[in-house]
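S.K.: okay, here's the prediction I keep looking at, along with the sequence it came from:
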Amino acid sequence: MLTKKKLRGREAIQYIHLSLSFLIICTVGLLFWQHYGMNNFLRLDPLNFHKVKANDDREDNQLGRSIAKLTTTPDYWRLDCQLNPGHRVPYCSIDLDLSQGNHGIDISKYDKLTIHYRYQEVQEQIVLLLINFNPDYSTSNDYRSHKFNQAFLPGAIGWSTNSLVGNQFNVASWWITDKKIPPKWTHNEFSNIREIRLTTGRHLPHANRQIDLAYIELSGKYINKDTLQLLLLLAWGGSAALWLAIELRRAICALQRSSERQQHLENAQKKLQEINSLLAERNMHDPLTLALNREGLNILLSNILPQAQLSIIFIDIDYFKKINDTYGHGIGDQVLCQLVEQVQQRIRPNDKLIRLGGEEFILLCQGSGLTQAVKLAEKLRIWLYSNQAWPAGITFSCSFGVSERQNNELFEQALHRADKALYRAKTSGRNRVEIAEEANQQNIN
Ligand SMILES: Nc1nc2c(ncn2[C@@H]2O[C@H](COP(=O)(O)OP(=O)(O)OP(=O)(O)O)[C@@H](O)[C@H]2O)c(=O)[nH]1
């Protein structure tokens with residue numbers, strides 16, 4: 001079975017694969033489309049464009065006397081021009097009016113301009129003017145205030161086709177000088193072309209000239225290559241940034257999840273440790289009297305240095321069987337519990353009471369010598385015997401065997417000596433304290 005996390009991981013990978021495929025297809029598709037299609041096209045010819053007129057230097061109010069005449073055929077416009085002296089620069093022109101209301105057209109979005117024309121004076125040039133309106137320097141009632149972007153076209157025998165790009169035009173110097181145009185406006189501008197004009201160049205007066213114009217074609221792409229590349233770069237960059245952000249978020253979530261899991265594990269471990277120490281604690285104690293048991297004794301001994309002073313008092317209730325038999329095991333149990341409770345109230349914190357089993361107990365007295373231990377045993381014996389507050393009002397006595405662990409003696413040996421002393425106490429009439437024989441003496445025996 002797949003976990004939720006793995007499923008989420010797979011979904012994310014599928015999502016990345018899908019986005020990547022989509023981006024690759026879009027990129028390749030757009031680059032192909034841009035290269036082979038996406039054409040933006042405007043053609044001005046006698047069949048589809050009619051706002052055309054002939055013009056000459058008489059429009060200028062500068063004593064111009066040239067005469068222009070336009071003939072339109074299905075294939076071209078023909079300008080017949082009679083240049084006469086009078087104007088500073090006599091001229092005739094074919095004017096294509098591109099204005100739509102107050103606006104011209106933005107031809108900066110086209111890549112090139114192609115013109116098909118015939119001007120058979122091979123020594124001369126004609127001028128192609130793209131006239132731009134900009135309220136910063138132009139006024140509507142003075143066409144000479146519009147910017148004249150100009151390019152020169154050579155004369156040739158027969159028809160010529162010329163393709164021009166933006167930087168092949170320059171702003172007419174007479175316009176800059178006449179209108180005192182500040183430098184910031186002296187560059188080419190094509191964003192609001194109101195008129196395209198094809199005009200005669202500088203000629204001697206008294207000349208007849210003829211210009212045929214078949215078409216002017218503006219062509220380009222809806223999105224040029226640079227813009228498309230920039231857009232694709234942005235799309236790839238944006239996708240990469242998005243992908244990074246998603247990955248970062250996933251990593252942060254995973255980190256959070258893992259730290260939550262770690263916290264959970266730590267809590268569980270803490271609980272386990274608590275349970276363990278509780279169990280260990282329980283394991284060390286006798287469940288009836290809550291005194292330390294043999295396991296507790298072993299742990300206790302492992303913490304006592306072998307050279308440390310240590311005395312053992314073996315305690316055994318006299319005739320305990322009788323108590324059980326007479327008053328029942330319940331009372332016997334209560335006697336055991338009360339004895340532990342009372343003894344523990346009468347010993348120092350360093351002294352430990354251990355139930356070895358049945359009605360047998362030992363008291364481990366750390367830092368106590370034999371004399372002190374015997375004194376304590378005697379004190380306990382008297383108190384236990386004289387106590388009137390035992391369950392069911394019974395009275396009983398205890399016998400004691402006391403030993404002190406000697407140099408290099410094992411605990412078990414000292415315990416054995418105390419046990420032997422206890423045995424002596426029992427056989428000598430009970431309710432007494434007997435001192436264990438010394439270790440070497442015992443060995444001799
Ligand atoms: N109530 C109760 N009795 C126990 C327990 N453990 C052992 N006994 C009883 O303690 C009695 C010990 O009897 P014995 O070993 O004969 O010793 P005694 O009767 O005390 O006689 P002496 O030690 O010789 O004075 C037995 O009857 C056991 O059943 C316990 O946990 N509770």
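M.R.: In hand now; what should we look at?
S.K.: what stretches of the protein score poorly on pLDDT?
M.R.: Along the chain, segments meeting pLDDT under 70 span 1-9, 61-62, 203-204, 440-445.
S.K.: bridging residues for the residue nearest to Leu370 when sequence neighbours are not counted?
M.R.: Distance criterion C-beta to C-beta, 6 or more residues apart in numbering; nearest residue to Leu370, sequence neighbours excluded, is Glu404 at 3.9 Å. C-beta coordinates here come from the backbone N, C-alpha and C atoms, glycine included. Taking DSSP bridges as the rule, Glu404 bridges to Ser311.
S.K.: how close does Glu404 get to Ile382?
M.R.: Distance of Glu404 to Ile382, given as C-beta to C-beta, to the nearest Å: 21 Å.
S.K.: more neighbours: which of those two?
M.R.: Taking neighbours as other C-beta atoms under 10 Å, Glu404 and Ile382 compare with Glu404 leading, 24 against 13.
S.K.: the more buried one and Leu363: what is the separation?
M.R.: 13 Å.
S.K.: now Gly238, what's its secondary structure?
M.R.: Following DSSP: H, G, I helix; E, B strand; the rest coil, Gly238 is assigned to helix.
S.K.: tell me which element Gln263 falls in.
M.R.: helix 225-283 (DSSP states H and E).
S.K.: that helix: what's the following helix or strand?
M.R.: helix 294-302.
S.K.: now do that following helix: everything it contacts.
M.R.: Residues from elsewhere that reach helix 294-302 (C-beta atoms under 8 Å, 6 or more residues apart in numbering): 283-285, 292, 352, 354, 356-357, 362, 364, 411.
S.K.: quick one on the thing from earlier: the helix holding Gln263 - contacts with which helices or strands?
M.R.: helix 4-36 (3 or more C-beta pairs under 8 Å, 6 or more residues apart in numbering; DSSP states H and E).
S.K.: what about the following helix or strand past the helix it packs on, distance to the chain center?
M.R.: The element immediately downstream of helix 4-36 (helix or strand, assigned by DSSP H and E) is strand 39-44. Centroid separation for strand 39-44 versus its chain: 49 Å, with C-alpha atoms, centre = their mean, to the nearest Å.
S.K.: swap in stretch 300-309?
M.R.: On C-alpha atoms, centre = their mean, the centre of stretch 300-309 falls 59 Å from that of its chain.
S.K.: for stretch 378-397, same thing?
M.R.: In terms of C-alpha atoms, centre = their mean, the centre of stretch 378-397 is found 76 Å from the chain centre.
S.K.: name the residues of that stretch that come out as buried.
M.R.: 380-381, 384, 390, 396-397 (16 or more other C-beta atoms under 10 Å).
S.K.: out of those residues, list just those in helices.
M.R.: Counting by DSSP state H, the buried residues of stretch 378-397 place 380-381, 384 in helices.
S.K.: with distance to Lys180 as extra columns, can I get those residues in JSON lines?
M.R.: Shown next, in JSON lines, are those (distance: C-beta to C-beta, whole Å):
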{"residue": "Leu380", "distance to Lys180": "128"}
{"residue": "Arg381", "distance to Lys180": "133"}
{"residue": "Leu384", "distance to Lys180": "130"}
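S.K.: what residues does the protein put near the ligand?
M.R.: Within the chain, the positions near the ligand by C-beta under 6 Å from any ligand atom are 288, 316-321, 324, 329, 332-333, 336, 358-359, 426, 430.
S.K.: list the contacts for the residue in the stretch 301-445 of the chain positioned nearest to the ligand?
M.R.: The nearest approach of the stretch 301-445 of the chain to the ligand comes at Gly332, 2.6 Å away (C-beta to the nearest ligand atom). Residues near Gly332 by C-beta under 8 Å, 6+ apart: 320, 323-324.
S.K.: only alpha carbons, please: show the longest strand anywhere in the chain as PDB.
M.R.: Criterion DSSP state E: the longest strand present in the chain is strand 207-221. This file holds the C-alpha atoms of strand 207-221, laid out as PDB (Å, rounded to 0.1, in the frame of the first residue of the first chain):
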ATOM      1  CA  ALA A 207      12.400  69.600 -65.200                       C
ATOM      2  CA  ASN A 208       9.700  67.100 -65.800                       C
ATOM      3  CA  ARG A 209       9.800  64.000 -63.600                       C
ATOM      4  CA  GLN A 210       7.700  60.900 -63.300                       C
ATOM      5  CA  ILE A 211       7.400  58.600 -60.200                       C
ATOM      6  CA  ASP A 212       5.400  55.400 -60.300                       C
ATOM      7  CA  LEU A 213       4.500  53.800 -57.000                       C
ATOM      8  CA  ALA A 214       3.100  50.200 -57.100                       C
ATOM      9  CA  TYR A 215       2.900  49.500 -53.400                       C
ATOM     10  CA  ILE A 216       4.300  50.100 -50.000                       C
ATOM     11  CA  GLU A 217       4.200  47.100 -47.700                       C
ATOM     12  CA  LEU A 218       4.800  47.100 -43.900                       C
ATOM     13  CA  SER A 219       5.700  43.700 -42.600                       C
ATOM     14  CA  GLY A 220       6.700  42.200 -39.300                       C
ATOM     15  CA  LYS A 221       5.700  39.800 -36.600                       C
END
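S.K.: the residue of the stretch 51-200 of the chain found nearest the ligand - how many residues pack around it?
M.R.: Residue nearest to the ligand within the stretch 51-200 of the chain: Lys109 (106.7 Å; C-beta to the nearest ligand atom). When neighbours are defined as other C-beta under 10 Å, Lys109 has 16 of them.
S.K.: got a list of what it touches?
M.R.: Here Lys109 is in contact with 40, 220 (criterion: C-beta under 8 Å, 6+ apart).
S.K.: and it, how far from Ile223?
M.R.: Relative to Ile223, and taking C-beta to C-beta, Lys109 is found at 10 Å.
S.K.: again, but for Lys321
M.R.: With the distance defined as C-beta to C-beta, Lys321 ends up 110 Å from Ile223.
S.K.: quick one on the thing from earlier: now, the residues of the chain next to the ligand that are in strands?
M.R.: Per DSSP E, strands hold the following members of these: 316-317.
S.K.: now, the residues of the chain next to the ligand that are in helices?
M.R.: If you go by DSSP H, the residues of the chain next to the ligand have 320-321, 324, 329, 332-333, 336, 426 in helices.
S.K.: can you tell me the residue of the stretch 101-250 of the chain closest to the ligand?
M.R.: For the stretch 101-250 of the chain, C-beta to the nearest ligand atom, closest residue to the ligand: Arg250, 63.7 Å.
S.K.: count of neighbours near that residue?
M.R.: 13.
S.K.: give me the most central residue, this protein.
M.R.: Residue closest to the mean C-alpha point of the chain, counted by C-alpha atoms, centre = their mean, is Leu248 at 2.4 Å.
S.K.: tell me how far the ends of stretch 336-356 are from each other?
M.R.: Using C-alpha to C-alpha, to the nearest Å, the end-to-end distance of stretch 336-356 comes to 12 Å.
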